[in-house]
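J.: Sequence first, predicted coordinates after that:
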Amino acid sequence: MTTATSSGPDTGAPTFTARDLRLFGLCAVATAAAAATHWVSSGSVVPFVMSAAALALLASLVGHAVDALGDRLGAGATGVVQSALGNLPELFVCVFALRAGLYDVVRAALVGSVLANVLLVLGMAFVVGGIKHGTQTFAAGRARTIALLLLLSVCAWLIPSLTYALHTPARDHEYALSVVTAVMLLVLFGLSLPASVARDDDPHAREDVTEQEAADGAAAQVQHVSAWPLALALGVLGAAGLGSAFVSDWFVSALEPAMHAVHISDAFAGLVVVAIAGNAVENVVGIQLAARNQSDYALSIILQSPLQIALVIAPLVGASFTLVLSPLLIVALVMTAGIAWLVVQDGESTWLEGATLIVLYLLIATAFWWG
Amino acid sequence: MTTATSSGPDTGAPTFTARDLRLFGLCAVATAAAAATHWVSSGSVVPFVMSAAALALLASLVGHAVDALGDRLGAGATGVVQSALGNLPELFVCVFALRAGLYDVVRAALVGSVLANVLLVLGMAFVVGGIKHGTQTFAAGRARTIALLLLLSVCAWLIPSLTYALHTPARDHEYALSVVTAVMLLVLFGLSLPASVARDDDPHAREDVTEQEAADGAAAQVQHVSAWPLALALGVLGAAGLGSAFVSDWFVSALEPAMHAVHISDAFAGLVVVAIAGNAVENVVGIQLAARNQSDYALSIILQSPLQIALVIAPLVGASFTLVLSPLLIVALVMTAGIAWLVVQDGESTWLEGATLIVLYLLIATAFWWG
Amino acid sequence: MTTATSSGPDTGAPTFTARDLRLFGLCAVATAAAAATHWVSSGSVVPFVMSAAALALLASLVGHAVDALGDRLGAGATGVVQSALGNLPELFVCVFALRAGLYDVVRAALVGSVLANVLLVLGMAFVVGGIKHGTQTFAAGRARTIALLLLLSVCAWLIPSLTYALHTPARDHEYALSVVTAVMLLVLFGLSLPASVARDDDPHAREDVTEQEAADGAAAQVQHVSAWPLALALGVLGAAGLGSAFVSDWFVSALEPAMHAVHISDAFAGLVVVAIAGNAVENVVGIQLAARNQSDYALSIILQSPLQIALVIAPLVGASFTLVLSPLLIVALVMTAGIAWLVVQDGESTWLEGATLIVLYLLIATAFWWG
């Protein structure tokens, strides 16, 4: 995979590459396979695996289309579009799962997305980067800002859960407090949009990026953005969005039988299975960047996704039923957001730090194993 | 207000300025109005609003007198006097509220003062400073030391609450543990006094202050310290202290009817209303400094007040009844002290960070809304 | 004591010094006295005090032998040997105490070792160093890495306790989850061994150590390592290890009568008495280093021991019964590990910070006083 992404043909950012075609093909095949196994009842595990694979690929395609669209709309709009649409497939899964009454799965999946990014993916990035490059240092800068906003947003997100877990009088007004919290988080998200626009436009706002890093960033960018014409970008986004809506539905309906077949609890299914399926391909990029010693950029990408979950997905989902999480989810979420901040603040990473993060992820996942 | 504080006449630090006179006048009028509405029963809300306004103005006047007194006694004593007397009005309110049996109001007010400073005022300082000056950086230095001491003191303060909330055997010895904790905190406060004296005397202890900052600091100082003669400073301090004792009494007796009239809970009244009334004017200074891009100085001032609450007011009040707080107050306090540290450590602030802090304050306040 | 350690004869690191002889003699006398008071029933407090003193001295001798052994095996192996055998006496005490059914004592002793190092010993190091040298600064570097690993390991260590305290379904699988956690922590310990070897071998891995610090470190080293021949080192290690096994047994059997005589709770006995007896002599070194203004080195040594407890002693002990701690122990442990990180991150220390750490230790100890 590394050779493919760093190979020559991509560097010129042509309109349409062989890699784009390959991704289209894979998505089409996987979606068809998911559809087939969904409609033909084929046991309890196969449809689930197929729809999970299709979902991961479509999530990746949505990401590409969003990047290409942002590219066409001008650099400034990229942040807005990315933030607003980048987690579309994850949102679809949550919506269908809520409709299916899988509340505990959704609650756990929201927390699990944050955990998977901060502990598992960041841990793997540190291990891969550390083994290849020894102790890696990073200037923090943007990653540090994201980590601080993530921690503060998580604190806000948890207010309804805390009043519930601690049996305060506000416990009887759980839904009202959830709605207020959701609205506040969405307001914060709205406020953060101009900042992310300005960040991309204004070169002075990125003073922490050295020339080398900028060059690395540009190289990394290539691999993300294909210079698609606007119509193609919109068309792909529409098709991939629609596809991921269908596949999300199949994924959710395959989830319950699969859970029963493999005997896993609702919480574990959400925390681990759904969370990883929703972020799989996207996260590979973060690890690849760390492998190429672009720690700063890798950190930003890996931490951006949990921030969007806290500011967009959690409130959108939470306002429709409740934002209240179980006590262990609260603790896991606070611990994880705190660790995200600590690890960035530290300014350097080693593979041993990465291994410790992975161990922590595995232990938290184990703690949710029993239903 | 900005024009008034940065105007020419103040710069020479004359004995007695027009601004001093204006503040005296305002205090006299507000105290008289508070007295009038207290003795003439005039509904349930008006006396409360009048006494709150008078209290805020008198607190500001006590602050001025303490600064002036410190100035006369020599730079070294300023820290001691400020620490010992600066929160006098807040202490009076707590004492009268305890006498009136409003224990939950007092508990919440102590925590609320910390929250209001760290989340609301610091948030507003970041927003105002960020909008005017973009990303603000600060050398941390003294602010960082204050934030660390604040976090450690808050941990100590919470030990009795934790034993109570977690049902340990020490729960049956709540009062004894509260007294031990209060004594320890006061010992720490005593130990911190020489440090704050040395800090002001010894230029080497402030090596983190650049020349520009020192100039800014001097400018900021002007606005605080009027060069009153010693007798005047002592006289104003006595009068304002006595006045704030009376007004505190009226404020507390107006509090309960006002709470019932507006239907707010004890916890919300303490956490929000009392906490803000007790710090209102003082906090404006912190925000003004941020607006003038003196982030470092603003941070020190804004964080100093919660530290005094943890080291002086909480133990004085707590030893007389109990230091035990409700679980949600524990969580809110730990979260807030942690955030104070995080935000300072970070070394820079943006308006978005400030907005997130304000949102967090609003959400915590909302969580205490229901009685 | 300072004069003894910094005196001339030691500097050449002779094969066998007068200080070594003195320590041998002290150990022999103390062990004999402990044996005598153990076999002759001599009240309830005297045997306990004698065995505690003997244990502290033998722990120091084990430490010396391990250092000398590491020196003979080459610098690379020192870290491995130190990590594996350095806490041998503490492990013996835990094993005998578990056999005697003193589960609560052992649980509290594990946490107490961490608390004693991070709060009491670090606090004393800051106070002593601060009084002698004013504000002390340190480059963090290695201490920072240790603090981060400590915090992450403590989070992992606490997962079983959290599932238990929060009544999740995993509560019914307490033992299984404890074993999984213990295995994971030991794996992490195994992974950390090559890192500590590399750290000592590779000069580039210590780039944070300035020349002056390296010289100081070498000086500090002298006092630790006696250039014993391999056979002597092995012999002393065997004898001291065997001795500490016996004395641990006597210590534990003297513990219960002493606890009843002085009326202290199981938790307090473990948290304070056992924890301090097990680390006493070793910790004096950390404080001595701080007194000589070698903050960075002092921090590394003081924080290394809690990390070994989290990665080796806790899992070894925990797997044999359970890793589940009481809620107040959970909070105390998280708070302490967090503070260890904060204090190192801060980059400088004052005696007031040290005093606050000590106050926090005293308050936590007080909270466990009542049985």
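T.: Received it, and whenever you're ready, just let me know what you need.
J.: OK, contacts around A:Leu329?
T.: The contact partners of A:Leu329, taken as Cβ atoms under 8 Å, 6 or more residues apart in numbering or on different chains, are A:Arg107, A:Ala108, A:Val111, A:Ser161, A:Ala267. To be clear about C-beta, it is placed using only N, CA and C from the backbone, and glycine gets the same treatment.
J.: now, which of those lie within helices?
T.: For the contacts of A:Leu329, membership in helices holds for A:Arg107, A:Ala108, A:Val111, A:Ser161, A:Ala267, with DSSP state H as the criterion.
J.: Just put the contacts of A:Leu329 in CSV and tack on neighbour count, distance to B:Ala54 and pLDDT.
T.: As requested, the contacts of A:Leu329 are arranged in CSV below (neighbours: other Cβ atoms under 10 Å in any protein chain shown; distance: Cβ to Cβ, whole Å; pLDDT from 0 to 100):
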residue, neighbour count, distance to B:Ala54, pLDDT
A:Arg107, 27, 49, 90
A:Ala108, 29, 53, 91
A:Val111, 29, 48, 93
A:Ser161, 24, 40, 92
A:Ala267, 27, 55, 89
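J.: Dump those residues into CSV; add distance to B:Cys155 as well.
T.: Listed next are the contacts of A:Leu329 as CSV, based on distance: Cβ to Cβ, whole Å:
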residue, distance to B:Cys155
A:Arg107, 30
A:Ala108, 31
A:Val111, 26
A:Ser161, 23
A:Ala267, 31
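J.: Looking at the residues you listed, spot the one nearest B:Leu58.
T.: Comparing the contacts of A:Leu329 against B:Leu58 with Cβ to Cβ places A:Ser161 closest, at 40.6 Å.
J.: Which helix in chain A has the most residues?
T.: Of all segments of type helix in chain A, defined using DSSP H, the longest is helix A:230-262.
J.: if we can go back for a sec, now for the contacts of A:Leu329: which two are most distant?
T.: Distance extremes for the contacts of A:Leu329: the farthest pair is A:Ser161 and A:Ala267 at 14.4 Å, using Cβ to Cβ.
J.: what's the helix or strand encompassing A:Ala298 packed up against?
T.: Secondary structure assignment for A:Ala298, by DSSP states H and E: helix A:295-308. Here helix A:295-308 is seen to pack against helix A:103-115, helix A:122-133, helix A:142-165, helix A:211-224, helix A:275-291, helix A:327-345 when contacts are counted using 3 or more Cβ pairs under 8 Å, 6 or more residues apart in numbering or on different chains; DSSP states H and E.
J.: can you give me the offset of that helix from its chain's centre?
T.: Its chain's C-alpha centre and that of helix A:295-308 lie 9 Å apart, by Cα atoms, centre = their mean, to the nearest Å.
J.: nearest to B:Trp250, of the helices and strands packed on helix A:295-308?
T.: For the helices and strands packed on helix A:295-308, proximity to B:Trp250 was assessed by Cβ to Cβ; helix A:142-165 is nearest, at 33.2 Å.
J.: What residues sit buried inside that closest one?
T.: Of the residues in helix A:142-165, A:142-165 count as buried by neighbour count, 16 or more other Cβ atoms under 10 Å in any protein chain shown.
J.: what does stretch A:122-131 give?
T.: Neighbour-count burial for stretch A:122-131, counted by 16+ other Cβ under 10 Å, picks out A:Leu122, A:Gly123, A:Met124, A:Ala125, A:Phe126, A:Val127, A:Val128, A:Gly129, A:Gly130.
J.: what does that stretch rub up against?
T.: A:136, A:286-287, A:289-291, A:293, A:295, A:298-299, A:302-303, A:340, A:343, A:349-358, A:360-361.
J.: Which residues are in contact with A:Thr145?
T.: Contacts for A:Thr145 were tallied using Cβ under 8 Å, 6+ apart; they are B:Thr350, B:Glu353.
J.: So which residues on the stretch 151-300 of chain A come close to chain C?
T.: Proximity of the stretch 151-300 of chain A to chain C (Cβ under 8 Å from any Cβ of the partner chain) is limited to residues A:Ser265.
J.: what's the angle between the helix holding A:Ala298 and helix A:142-165?
T.: Per axes from the mean of the first three to the mean of the last three Cα atoms, to 10 degrees, the angle that helix A:295-308 makes with helix A:142-165 is 30 degrees.
J.: What average pLDDT does helix A:295-308 get?
T.: Mean pLDDT, computed over helix A:295-308, is 82.
J.: What of stretch A:115-133?
T.: Confidence over stretch A:115-133 (mean pLDDT, whole number) is 90.
J.: re earlier: just the buried residues of stretch A:122-131 now: which is nearest chain B?
T.: Using Cβ to the nearest Cβ, A:Leu122 comes nearest to chain B of the buried residues of stretch A:122-131, at 18.5 Å.
J.: okay, the helix holding A:Ala298 in PDB with CA atoms only?
T.: The C-alpha coordinates for helix A:295-308 follow below in PDB (Å, rounded to 0.1, in the frame of the first residue of the first chain):
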ATOM      1  CA  SER A 295       3.700  13.000  13.200                       C
ATOM      2  CA  ASP A 296       2.200  16.500  13.400                       C
ATOM      3  CA  TYR A 297      -0.100  15.900  10.400                       C
ATOM      4  CA  ALA A 298      -0.900  12.400  11.500                       C
ATOM      5  CA  LEU A 299      -2.000  13.700  14.900                       C
ATOM      6  CA  SER A 300      -4.200  16.400  13.500                       C
ATOM      7  CA  ILE A 301      -6.000  13.900  11.200                       C
ATOM      8  CA  ILE A 302      -6.400  11.300  13.900                       C
ATOM      9  CA  LEU A 303      -7.800  13.700  16.500                       C
ATOM     10  CA  GLN A 304     -10.000  15.700  14.100                       C
ATOM     11  CA  SER A 305     -12.400  12.800  13.700                       C
ATOM     12  CA  PRO A 306     -13.200  12.400  17.500                       C
ATOM     13  CA  LEU A 307     -13.700  16.200  17.700                       C
ATOM     14  CA  GLN A 308     -16.400  16.000  14.900                       C
END
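J.: Many thanks, we can stop here.
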